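Undergrad: show me how the following folds:
(chains A and B)
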Amino acid sequence: MIQNKLIAAAAIVGVVLLSGCHGNATKNSAAPSDGAGINTYGSGNGSAGNGSDAATSAQLAAQHSVYFDFDSAEIKPDGQATITLWAKYLSTHPTSHARLEGNTDERGTREYNIALGERRGNTVAQALESQGVSAQQLSVVSYGEERPVALGHDEASWSQNRRVDLVQQ
Amino acid sequence: MKKTIACFLLVASLPAFADLDITVTSGATAPTPIAVVPFAQPQDLPVDIAQIVAADLDRSGIFKTLPRADMLEKPTDFSQINFRNWQTLGQQDLVIGTVTHAGSGIAASFKLLDVYHSDDPQQVLLLGKDGMTAADPAHYRLLAHQIADLVYQRLTGVRGYFSTQIAYVTAVGARDARRYQLVIADADGEAPHAIASSREPLMSPSWSPDGKRIAYVGYERGNSAIYLQTPATGDLKKFIGERGINGSPAFSPDGRSLAVTLSFEHNPDIYVIDVASGARRRITTDSAIDTEAAWSPDGGTIAFISDRGGSPQIYTVPASGGDQKRLTFQGKRNEKPAYSPDGKSMALVNLDSSSYRIGLLDLSSNTLKILSDGPEDESPSFAPNGVAVIYTKQGRQGSELAMVSLDGRIKQSLRQPGDVREPAWSPYLQ
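TA: Numbers count the residues shown, from 1 in each chain, chains lettered A, B, ... in the order given. This next block holds a predicted model:
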């Protein structure tokens, strides 16, 4: 269930961010906080590409996070496949763009974690660039510990939250 | 009423989700017994002034008020007091008062009396105040807090903090339904109202020294920015929105500058920005993370954290720039410095083996005293009178606020449903 939600959310994150202005803010404020944001804002994966691109987009959406150790910005070996997948797509679609969203677990202070999340985002950007992606195709934003995907206070949750999400735009 | 400045950010004066529920979890070993007698007040008054005064004093942890049901008499005038009644009940001090209508508001007078010096007219009256006013019902509670402030100050020698406010951030909901609010509440947790609301994170509120403006971090479609808001008018201005991090705003003690963290020149560094002109001075240039700036009360020094030595530690630098010195060496990490109002100590977040706890660093002896229990405490902010620190801890329902006195003896928790974090205690107001 949680996994399904993750994938669904991953597919529409780009749309949510791109369409941040669709509703007026007053209306947004009255929106229920029960997950309706997905239905309200999500109506596709944001790709306007052809069929084969759409298939690739689905692949990208399914494999869009790179994970890290505590207080580290080093990409672990199990993150390389994701980097390679995205590097291939971005380098063969030079007009496409990805946002790298750096995140951390809840430990440590909030503004330090904003800085750590940016460091992780920059590491992923460098790895993509080393595989032929242009710096102009990438942007980095850090959310620190502000946007956890798992809300527990243990390593099982923390390990999911120490991540860079790659979001196709 | 509602005002949308930027499409992502709703600026409003909305009731927040719930009052903060404040409880004293441990108090002074010998709190001073004090009786606050119900004031003579008009029957149609919507608030019970004496009850608010008593609740303030109780919440401080250093007073214990007498329950009304235990009172043997309820005098509202000096001539009505039988001091022996209060001595019998073991009370040290007594508060009586009167409230009357005055124009569209009320006027109050009160007396603070020493129960054990009832025979000495020179000593029995500790404090008497007439003609305190509240212009309209919206200020009735404030009038009660001001009375509590005066009682507290007369008996402790320290200015009270009951008429101040606390800003904090709430986060409710999961993932894409998550909603963030920046809330201001009275120091007793009452009258919370959201001054900003967003689907993206809100962070790091910092009060201007006159209490009129709040700087904070918001996100607009994936880009962070520092905003300046005047809660009384709803006026909101985007102060700075560079590429990368725009974080950790901190007003200088004279209110003219904001220290911030920016990363557009490659990595996070501390900058001081003139509020009026926008002129910038870069204070740090290290290639490591530098963030979480805090001003010393005299405005001469900025403390910040850096991981230039491998793990985040607190450093200091003259506010005009110059030599940077490492300040903390205790434990594994030290983060989020906050100077005490007298400048003699610093609250911080200390990590020892595995627990993040609030510590108090004595700046003359460099000794660190741990004030909280952990394991995930953060965001310390001093009460404006310096007697206590408010911070965030992990609760069963999410993060919650907690307060601890500097001697570590008096602890309180402030809860509401959802995550409550990043408390910023206001300066004295007005």
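
Undergrad: in what helix or strand does residue B:271 lie?
TA: When secondary structure is defined by DSSP states H and E, residue B:271 falls within strand B:269-274.

Undergrad: avg pLDDT for the helix or strand just after that strand?
TA: Sequence-wise, the next helix or strand downstream of strand B:269-274 (DSSP H and E) is strand B:280-282. The average pLDDT for strand B:280-282 rounds to 96.

Undergrad: check which helices and strands strand B:280-282 sits against.
TA: Other elements packing on strand B:280-282 under the criterion 3 or more Cβ pairs under 8 Å, 6 or more residues apart in numbering or on different chains; DSSP states H and E are strand B:269-274. The way it works is simple: take the backbone N, C-alpha and C, and place the C-beta from them, glycine included.

Undergrad: partners of the strand it packs on in the sheet?
TA: strand B:257-262 (antiparallel), strand B:280-282 (antiparallel) (DSSP bridges).

Undergrad: hmm, who's touching it?
TA: B:239-240, B:252, B:256-263, B:279-286, B:290-291, B:293, B:302, B:304, B:317, B:319 (Cβ atoms under 8 Å, 6 or more residues apart in numbering or on different chains).

Undergrad: output that strand as CSV, restricted to C-alpha atoms.
TA: Written as CSV, here are the backbone C-alpha positions of strand B:269-274 (Å, rounded to 0.1, in the frame of the first residue of the first chain):
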residue,chain,number,x,y,z
ASP,B,269,28.1,30.5,3.7
ILE,B,270,27.0,33.1,6.2
TYR,B,271,26.1,36.6,4.8
VAL,B,272,24.9,39.7,6.6
ILE,B,273,22.4,41.7,4.6
ASP,B,274,21.3,45.2,5.3
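
Undergrad: show me where chain B has helices.
TA: Listed from the start of the chain, chain B has helices (DSSP state H) covering B:49-59, B:83-88, B:121-124, B:140-156.

Undergrad: list the buried ones in the longest helix anywhere in chain A?
TA: For chain A, the longest helix by residue count, based on DSSP H, is helix A:110-130. Within helix A:110-130, the residues that qualify as buried by neighbour count (16 or more other Cβ atoms under 10 Å in any protein chain shown) are A:110-125, A:127-129.

Undergrad: what's the angle between the one helix or strand residue A:101 maps to and helix A:110-130?
TA: Taking DSSP H and E as the definition, residue A:101 sits inside strand A:98-103. For strand A:98-103 against helix A:110-130, the angle by axes from the mean of the first three to the mean of the last three Cα atoms, to 10 degrees is 150 degrees.

Undergrad: ok, strand A:98-103: who's next to it in the sheet?
TA: strand A:138-144 (parallel), strand A:163-168 (antiparallel).

Undergrad: picking that back up, next one: the strand holding residue B:271 to chain centre, how far?
TA: For strand B:269-274, the gap between its own C-alpha mean and the chain's C-alpha mean amounts to 24 Å (Cα atoms, centre = their mean, to the nearest Å).

Undergrad: average pLDDT across it?
TA: 98.

Undergrad: can you check stretch B:51-61 too?
TA: Here the mean pLDDT over stretch B:51-61 is 94, rounded to a whole number.

Undergrad: got the CA positions of that stretch in CSV?
TA: Taking Å, rounded to 0.1, in the frame of the first residue of the first chain, the C-alpha atoms of stretch B:51-61 are listed here in CSV:
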residue,chain,number,x,y,z
GLN,B,51,-7.7,32.9,36.8
ILE,B,52,-5.4,33.8,33.9
VAL,B,53,-3.0,35.5,36.4
ALA,B,54,-3.0,32.3,38.5
ALA,B,55,-2.5,30.0,35.5
ASP,B,56,0.5,32.1,34.4
LEU,B,57,2.2,31.9,37.8
ASP,B,58,1.5,28.2,38.0
ARG,B,59,2.9,27.5,34.6
SER,B,60,6.2,29.2,35.5
GLY,B,61,6.8,26.3,37.9
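
Undergrad: for the residue sitting furthest away from the middle of chain B, give me its contacts.
TA: No residue in chain B sits farther from the centre than residue B:119, which is 40.3 Å out by Cα atoms, centre = their mean. Counting by Cβ under 8 Å, 6+ apart, residue B:119 touches no other residue.

Undergrad: from chain A, how far off is it?
TA: Here the distance between residue B:119 and chain A works out to 56 Å (Cβ to the nearest Cβ, to the nearest Å).

Undergrad: and the gap between that residue and residue A:105?
TA: Distance, residue B:119 to residue A:105, using Cβ to Cβ, to the nearest Å: 65 Å.

Undergrad: cool, and residue B:339?
TA: Using Cβ to Cβ, one obtains 28 Å as the distance from residue B:339 to residue A:105.

Undergrad: apart from its chain neighbours, what residue comes closest to residue B:180?
TA: The shortest distance from residue B:180 to any residue other than its chain neighbours is 4.3 Å, reached at residue B:202 (Cβ to Cβ, 6 or more residues apart in numbering or on different chains).

Undergrad: equivalent analysis for residue A:99, please.
TA: Residue A:99's closest residue in space is residue A:167 (Cβ to Cβ, 6+ apart), at 4.5 Å.

Undergrad: tell me how many other residues surround that neighbour.
TA: Residues contacting residue A:167 under the criterion other Cβ atoms under 10 Å in any protein chain shown number 24.

Undergrad: that one contacts residue A:101, doesn't it?
TA: Yes. In this structure, residue A:167 is within contact of residue A:101 by Cβ atoms under 8 Å, at 6.1 Å.

Undergrad: what mean pLDDT would you report for stretch B:404-418?
TA: If you average the pLDDT over stretch B:404-418, you get 85.

Undergrad: list the buried residues of that stretch.
TA: Of the residues in stretch B:404-418, B:404, B:405, B:406, B:410, B:411, B:412, B:413, B:414, B:415, B:416, B:418 count as buried by neighbour count, 16+ other Cβ under 10 Å.

Undergrad: ok, now stretch B:419-430?
TA: B:419, B:420, B:421, B:422, B:423, B:424, B:425, B:426, B:427, B:428.

Undergrad: show me the contact partners of that stretch.
TA: Here stretch B:419-430 has contacts from A:110, B:20, B:159, B:161, B:163-172, B:187, B:203-207, B:209-211, B:214, B:378-379, B:381-384, B:390-392, B:398-401, B:414, using Cβ under 8 Å, 6+ apart.

Undergrad: ok now it, how far from the chain's centre?
TA: Between the centre of stretch B:419-430 and the centre of its chain there are 4 Å (Cα atoms, centre = their mean).

Undergrad: please pull out the lowest mean pLDDT helix or strand from chain A.
TA: Sorting the helices and strands of chain A by mean pLDDT, DSSP states H and E puts helix A:36-41 at the bottom, at a mean of 23.

Undergrad: how about the residues of the stretch 51-200 of chain B by chain A?
TA: Where proximity means Cβ under 8 Å from any Cβ of the partner chain, the interface of the stretch 51-200 of chain B facing chain A comprises B:171, B:172, B:173, B:174, B:175, B:176, B:177, B:178, B:179, B:197, B:199, B:200.

Undergrad: want to throw the residues you listed into a markdown table with pLDDT and neighbour count?
TA: Listed next are those as a markdown table, based on pLDDT from 0 to 100; neighbours: other Cβ atoms under 10 Å in any protein chain shown:
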| residue | pLDDT | neighbour count |
| --- | --- | --- |
| B:171 | 92 | 21 |
| B:172 | 88 | 17 |
| B:173 | 82 | 19 |
| B:174 | 77 | 16 |
| B:175 | 76 | 18 |
| B:176 | 80 | 22 |
| B:177 | 86 | 17 |
| B:178 | 87 | 21 |
| B:179 | 92 | 23 |
| B:197 | 94 | 24 |
| B:199 | 93 | 25 |
| B:200 | 94 | 23 |
